[in-house]
Each structure stands twice: as C-alpha cells, then as structure tokens.
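Colleague: how does the following fold in three dimensions:
(one chain, ligands or ions: 2)
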Amino acid sequence: MVDGEDRLVYASEPWPLEEVQVGAPIFDLVPAEFVGPYREALHQARTTGETQAITARGPRPEHGPDAMGWFRAFYFPIRDDLMGGFGVDITEMVEAREALSASRARLVAAGDQARRRIERDLHDGVQQQLITQLMSLRLVSGLVFSDPARAVEMVEDLIRDVEETVDVVRDVARGIHPAALTQFGLVAALQSLAARSTLEVALRCEVDRRLPEAVEIGAYFLCAESLTNVAKYAGTCRCSVSTTLAEDTLRVEISDEGVGGAEVTRGGGLEGIRDRIEALHGELLVSEASPHGTRIVATIPLAAGMTAPES
Ligand SMILES: Nc1ncnc2c1ncn2[C@@H]1O[C@H](COP(=O)(O)OP(=O)(O)OP(=O)(O)O)[C@@H](O)[C@H]1O
Ligand SMILES: [Mg+2]
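Modeller: Ligands and ions are numbered 1, 2, ... in the order given. Just a heads-up that it's a prediction; the model follows:
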C-alpha cells in the first residue's frame with residue numbers, strides 16, 4: 001500500500017518488512033527504466049479511480065536481494081490518500097515464451113539451411129548433369145542416320161550418366177528423409193542406421209506399427225545424432241538403442257558406457273534435436289549413465305496432431 005505521495009505504507013509477503021522501509025518512496029524498489037510506467041499506472045488509478053494494470057520488471061525478493069523478474073502489476077484506489085497494489089510474478093511464463101520463440105526461430109533457421117543445401121545440391125549436381133545429358137542427346141539425334149555406330153556409343157555413355165544422376169538425386173533426397181524411413185518406418189530405418197554405423201549397436205525396437213511421420217523423423221534424427229556423438233566423443237565402440245511404445249508415447253533411449261559429459265550446447269546437434277522434439281510436445285533428457293557414460297531419453301507423444309503415413 002502507498003500513501004498519497006507514493007510512499008510505502010505496508011508490504012505483505014514475500015517482501016521482508018524489516019528491509020522494505022515503510023515511508024520510503026515506492027519507486028526506489030523499481031528498476032529505473034520502469035519507474036515511468038509504474039508511476040503512470042499509479043497516477044491513472046488515482047485520478048480515474050479505476051484499477052490499472054501494467055507489465056513490467058520488478059524485484060523478486062523471494063529469489064534473493066538482487067533478483068529481478070517480470071510482473072503483471074495492478075494498482076487500485078483504497079481511499080483518497082491510500083493506494084493498493086499487487087503484482088503477479090509472470091517471470092517463468094515470460095521466460096518460457098521467450099524460450100519457445102527462440103526454439104521456433106532456430107527451427108525455421110534449420111529449415112532454411114536445409115532448403116539452401118538442397119537448392120545447392122540440385123543446382124551444382126543434378127542440374128549440371130542434366131544439362132550435359134541434354135546436349136549429348138541433341139548431338140546423338142543428329143548422328144542416328146549419319147553415324148549410327150557413334151550414336152550407339154554415345155547412347156551407352158548417356159545411360160551410364162543418367163544412372164549416375166539417379167544416384168545423385170537419391171543422395172540429395174536421402175539428406176531430407178532417409179528412404180528406409182519413408183518407405184518402411186522407424187524400425188527398418190534404425191536397423192539400417194545401426195548397420196551403417198561404425199559402432200556395435202544393440203538395437204531393441206518394440207514398435208510394431210507406423211507412427212506419425214513427424215514422430216518417426218524426430219526419433220530417427222535423434223538416434224542418428226546420438227550415434228554420431230557416441231562415435232565422436234564417447235570413447236567406446238558400443239552403444240544401445242531402444243524404442244518402446246507406452247500409452248501413446250514413444251520412448252527412445254540411447255546409452256553408452258563411454259566417458260560421459262554430454263550436454264545440450266548452443267548450436268550443437270542435440271539442441272536442434274531437442275527443438276524438434278519439443279515442437280512435438282515431447283521431452284529430451286540428457287544425463288549420465290550408471291556407472292559411467294551417457295544416457296539420452298526422448299519421450300514423444302504420438303498425438304502431435306500428425307497423421308500416420310500409409311504402411
Ligand atoms: N555420447 C557422448 N559421450 C560423451 N560426450 C558427448 C556425447 N554426446 C555428446 N557429447 C558432448 O556433448 C556436446 C554436445 O553435443 P552436440 O551433438 O549437441 O554437439 P556437437 O556434436 O559438438 O556438434 P554437432 O552435433 O553440430 O556436430 C559435444 O560437443 C560433446 O562434448
Ligand atoms: Mg553432435
């Protein structure tokens with residue numbers, strides 16, 4: 001509560017009354033850049049007689065003497081010379097919203113980056129090869145009657161070139177979605193991933209059906225990233241991967257008995273994976289394994305608003 005001259009009359013929990021000076025100007029408690037908005041809200045409440053609300057930063061005494069946070073603060077007149085006010089601490093909500101928009105921005109950036117890579121791969125690889133083949137075809141068409149033997153030779157070369165281009169297209173597409181994942185589902189894709197890995201992977205998959213596409217892709221990329229990380233950092237050549245379905249939630253666990261120390265770092269592969277999983281309302285936990293090593297667990301609800309692709 002403040003008096004007619006904006007001096008503190010009373011403060012309730014969590015304000016430590018012995019520290020908050022009764023009689024001190026209320027704005028001494030507020031960060032300098034927000035004094036204006038607080039003063040204006042108080043003034044409006046006093047002159048209009050109506051409750052005023054603002055969103056601004058303010059102290060969080062229960063989190064330490066210098067802790068600051070975000071508040072929805074309300075001011076209302078009690079009597080002519082007495083104003084009441086209270087603040088709802090919305091710091092966690094604001095931080096969660098900031099984290100969400102940061103993660104969305106990173107997802108968009110990752111999507112843009114992937115698109116640029118595909119564009120470059122298509123331009124530098126596929127397009128150049130197709131143009132060369134087109135020119136060869138034009139040449140061949142002029143030789144069919146005048147030099148059939150040469151034409152046949154060129155067509156044979158062309159067949160080899162086209163086969164090569166098909167491989168390039170397959171590689172570009174594989175960078176987007178692994179073929180096994182799209183065609184045969186998560187289990188087959190993980191088997192193929194494990195078979196291609198330089199690690200000895202103990203794979204246990206208890207998933208007997210196709211899952212929503214985004215869930216399969218999220219789980220697949222998590223495993224791909226984690227296996228690469230184990231090979232790069234864990235100092236072991238073994239790891240285990242398990243996938244289980246329970247109560248419409250997919251659980252994926254990748255663990256190794258290596259040196260440990262994995263963490264989600266800014267700009268690292270695991271951060272991108274965590275963004276992807278959280279965008280599906282799932283959760284990614286990175287922890288130490290017992291007795292040593294790394295354990296990564298993701299839980300992804302299937303009801304992420306996606307439809308399962310045809311089996
Ligand atoms: N299985 C693991 N064992 C030990 N350390 C790990 C393991 N996985 C990750 N780490 C550590 O955690 C860090 C973060 O991993 P993350 O995959 O996010 O990034 P990165 O591998 O360094 O970069 P990028 O994925 O972009 O190549 C790694 O730099 C590494 O130090
Ligand atoms: Mg990595």
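
Colleague: could you check how far the residue in the stretch 101-250 of the chain that ligand 2 sits nearest to is from ligand 1?
Modeller: When scored by CB to the ion, the stretch 101-250 of the chain has Asn229 as its residue closest to ligand 2, at 4.5 Å. C-beta coordinates here come from the backbone N, C-alpha and C atoms, glycine included. For Asn229, the distance to ligand 1 (CB to the nearest ligand atom, to the nearest Å) stands at 3 Å.

Colleague: how about Met135?
Modeller: 40 Å.

Colleague: what residues does the helix or strand containing that residue touch?
Modeller: Using DSSP states H and E, Met135 sits in helix 128-143. With contact meaning CB atoms under 8 Å, 6 or more residues apart in numbering, helix 128-143 is reached by Arg150, Ala151, Met154, Val155, Asp157, Leu158, Asp161, Val162, Glu164, Thr165, Val168.

Colleague: also stretch 248-255?
Modeller: With CB under 8 Å, 6+ apart, stretch 248-255 has contacts from 207, 211, 215, 219, 222-223, 226-227, 230, 239-245, 289, 293-303.

Colleague: now that we have the residues you listed, which of them are buried?
Modeller: Burial by neighbour count, 16 or more other CB atoms under 10 Å: within those this picks out 207, 211, 215, 219, 222-223, 226-227, 230, 239-243, 289, 293-302.

Colleague: just the CA atoms of the least confident helix or strand in the chain by mean pLDDT, as PDB, please.
Modeller: In the chain, the helix or strand scored least confidently by mean pLDDT, DSSP states H and E is helix 179-184, which has a mean of 81. Taking Å, rounded to 0.1, in the frame of the first residue of the first chain, the C-alpha atoms of helix 179-184 are listed here in PDB:
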ATOM      1  CA  ALA A 179      14.500 -43.700 -47.900                       C
ATOM      2  CA  ALA A 180      14.000 -46.600 -45.400                       C
ATOM      3  CA  LEU A 181      12.200 -44.300 -43.000                       C
ATOM      4  CA  THR A 182       9.700 -43.000 -45.500                       C
ATOM      5  CA  GLN A 183       9.100 -46.500 -47.100                       C
ATOM      6  CA  PHE A 184       9.400 -48.900 -44.200                       C
END
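
Colleague: buried ones in that helix?
Modeller: Ala180, Leu181.

Colleague: return the distance of it from the chain's centre.
Modeller: 23 Å (CA atoms, centre = their mean, to the nearest Å).

Colleague: same question for stretch 83-103.
Modeller: Worked out by CA atoms, centre = their mean, stretch 83-103 lies 21 Å from the chain centre.

Colleague: swap in stretch 192-203?
Modeller: Using CA atoms, centre = their mean, the offset of stretch 192-203 from its chain centre is 25 Å.

Colleague: what's the local residue count around Ile277?
Modeller: 23 (other CB atoms under 10 Å).

Colleague: got a list of what it touches?
Modeller: Gly218, Leu222, Glu283, Leu284, Ala298, Ile300 are the contacts of Ile277 under CB under 8 Å, 6+ apart.
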